[in-house]
Structures are given as C-alpha cells and as structure tokens.
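[1] Fold the following.
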Amino acid sequence: MIEVVEEYLPQIIASVFIILLTPLSKYVSRKIIIKYGQLTLKAEARIFQIIQVINILINFVCVVALAIIWGVQPQNMLVAVSSIFAVIGVALFAQWSILSNITAGIIIFFSMPFRIGDKIHILDKDTPIEAIIENVLTFHTYLRTMDGEQIIIPNSLFLQKIVSVGKPKEE
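    Take a look at the predicted model:
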C-alpha cells in the first residue's frame, strides 16, 4: 500500500489540487458574472443561466485535467471526445446548431449594447422586425412586435443580424 501511494504521490497531490481548485474557480467566476450582470443591468435569470454554462465548462476542464494527470494521452482524449460528439451529432442532428446558440447566448450576454425591455429594429432586407426584447435565454431570444406578436429567434441568428437600438430614423 505504501509503495502504491509513493509511486502515485505526484498524481494524488495534483488531483487534490484540481479537486479543491474546481469549487474555488466556480465561486470566483460566479461572483464575477453576478457583479458584471448587476453593473450592466442584466436580468437575474439570465445571469444564472450564464453561471450554469460556465460551471459546466469548469467541470469539463476539471475532468480533462484529472484525466491528463492520471496519464491519459491528450491524443486519446481527443479521439474519444470527437467520437462522442460524432455520435451525439448524428443522434441529435442539430448538435452544432445547439452549441452555436449557446455560444451566441454567452456572447450576447457579455457584449450586446441592449437589454431586456429595449426597443430594437432588426435591419433585414426580407423581413425587417421592430420589436421589444422580452427575454434572452441560453438558446434563443424572445421578441414582442408592436402588434403584440411574439417572435422567438435563435441566438446564433440574432447575433448575425444588424440590430439598431431605439426607433430607427425615418427617411
């Protein structure tokens, strides 16, 4: 037993460090996201959605770090992860669309110059939309037109559109 502990002591110490660092990094990132959300007047529900996504990413990094510490070759992990994503992609058919919507939701949270309640105008040649932002979720954004119609737009598509905040100028 002592020989086993001595042989794997560096891995044990590194694993304990990673396991202790994981909740600390979740706590710090949570505080930073909450502070940022409050400073930019983001909705509380939206702040907690972003915290959940970041926590999942931290957990994933922790698992990968532990696997590397215990000797799993990064090339082998890449093959395993890509195989898993290939199976999920075939099974769900829209896997990359889902991932792009989550990524777009995070980008919208941190960098867009508008908030829930703002009146926006989506400058689209085929279907221009004038609406009020009702909610921004992980996968999609809810808009309410001036006629009361609710429009749900995927975040990846919303991020690609040209959007003006406030009433557009009449020509």
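[2] Quick check: buried residues in the strand or helix carrying Glu6?
    Per DSSP states H and E, Glu6 falls inside helix 2-7. Within helix 2-7, no residue counts as buried by 16 or more other Cβ atoms under 10 Å. Quick note: C-beta positions are derived from backbone N, CA and C, even for glycine.
[3] pLDDT on it, on average?
    The pLDDT scores in helix 2-7 average 81.
[4] tell me how far that helix is from the chain's mean position?
    41 Å (Cα atoms, centre = their mean, to the nearest Å).
[5] Next secondary structure element downstream of it?
    helix 9-39.
[6] I'd like to check the angle between the next helix or strand after that next one and helix 9-39, please.
    Downstream of helix 9-39, the next assigned helix or strand under DSSP H and E is helix 44-69. Put simply, helix 44-69 runs at 160 degrees to helix 9-39, going by axes from the mean of the first three to the mean of the last three Cα atoms, to 10 degrees.
[7] Which elements pack onto helix 44-69?
    helix 9-39, helix 74-92, helix 95-111, strand 129-136 (3 or more Cβ pairs under 8 Å, 6 or more residues apart in numbering; DSSP states H and E).
[8] Least confident of these, on average?
    Minimum mean pLDDT among these: helix 74-92, a mean of 72.
[9] Identify the residues contacting the closest residue to Ile34 other than its chain neighbours.
    Distance criterion Cβ to Cβ, 6 or more residues apart in numbering; nearest residue to Ile34, sequence neighbours excluded, is Ile47 at 5.9 Å. With contact set as Cβ atoms under 8 Å, 6 or more residues apart in numbering, Ile47 has these partners: 33-34, 37-38.
[10] Of these, which is the nearest to Thr145?
    Gly37 (26.9 Å; Cβ to Cβ).
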